[in-house]
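Chemist: Okay, sequence plus prediction incoming.
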Amino acid sequence: MQLLILRHGKAEPGRAGAPDSNRRLTLDGKEGLRRVLARAAQTGVKPETVLVSPYVRARETAEIALEMLGVSQEPLFCDALVPDSHPEVVWDEVRVHSQASQLLLVGHNPLLSELLSVLIAAGRPIELQTAALACVEVGSAGAQRRGRLLWLLTPEVCC
């Protein structure tokens with residue numbers, strides 16, 4: 001299985017009294033996502049299943065991803081992908097959808113950076129910037145959370 005890990009695009013700053021979950025993508029954030037996803041589409045990325053955090057900026061990111069990657073299936077909202085979740089909880093969700101050849105996760109940091117670091121057994125944390133998309137090959141979705149990083153795209157790489 002290819003596990004695609006997409007951090008949401010650049011979002012508006014938080015505002016006093018407004019929930020963090022309501023922050024929206026900025027125009028720059030949407031443009032950065034489009035660059036990354038256009039490059040991913042050129043390589044044949046077309047996930048069968050999309051799991052997305054219920055936060056607004058993640059949902060907006062997933063909408064752009066579905067459009068750019070030509071995916072007609074509706075995303076599945078997944079509380080395991082909120083920012084303060086844990087990689088183990090996400091892995092349990094991945095295991096539920098292990099029949100997919102490509103599974104796209106759309107969420108937030110620090111969670112996604114922690115997940116990527118755990119999956120590829122990185123000696124130090126790998127920081128996913130906004131709109132970054134990583135592809136990890138996972139041999140099986142068993143109890144062991146191990147994979148191999150195939151590629152990582154960022155808006156700067158995809159100019």
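Modeler: That came through, no problem.

Chemist: ok, and what's touching the helix or strand that contains L112?
Modeler: Assigned by DSSP states H and E, L112 belongs to helix 111-119. Contacts to helix 111-119, defined as C-beta atoms under 8 Å, 6 or more residues apart in numbering, come from residues 3, 5-7, 81-87, 90-91, 105, 122, 124-128, 134, 136, 138, 145-147, 149. All C-beta spots, glycine's among them, are computed from the backbone N, C-alpha and C.

Chemist: ChimeraX command for the buried members of these?
Modeler: A single ChimeraX command selects the buried members of the contacts of helix 111-119 (16 or more other C-beta atoms under 10 Å):
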select :3,5,6,7,81,82,83,85,87,90,91,105,126,128,134,136,138,145,147
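
Chemist: taking the contacts of helix 111-119 one by one, which sit in strands?
Modeler: Among the contacts of helix 111-119, the ones falling in strands (DSSP state E) are L3, I5, L6, R7, L105, A134, V136, L149.

Chemist: Just put the residues you listed in CSV and tack on distance to P54 and pLDDT.
Modeler: Below are these laid out as CSV (distance: C-beta to C-beta, whole Å; pLDDT from 0 to 100):
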residue, distance to P54, pLDDT
L3, 20, 96
I5, 17, 98
L6, 15, 98
R7, 16, 98
L105, 13, 98
A134, 22, 97
V136, 23, 96
L149, 27, 94
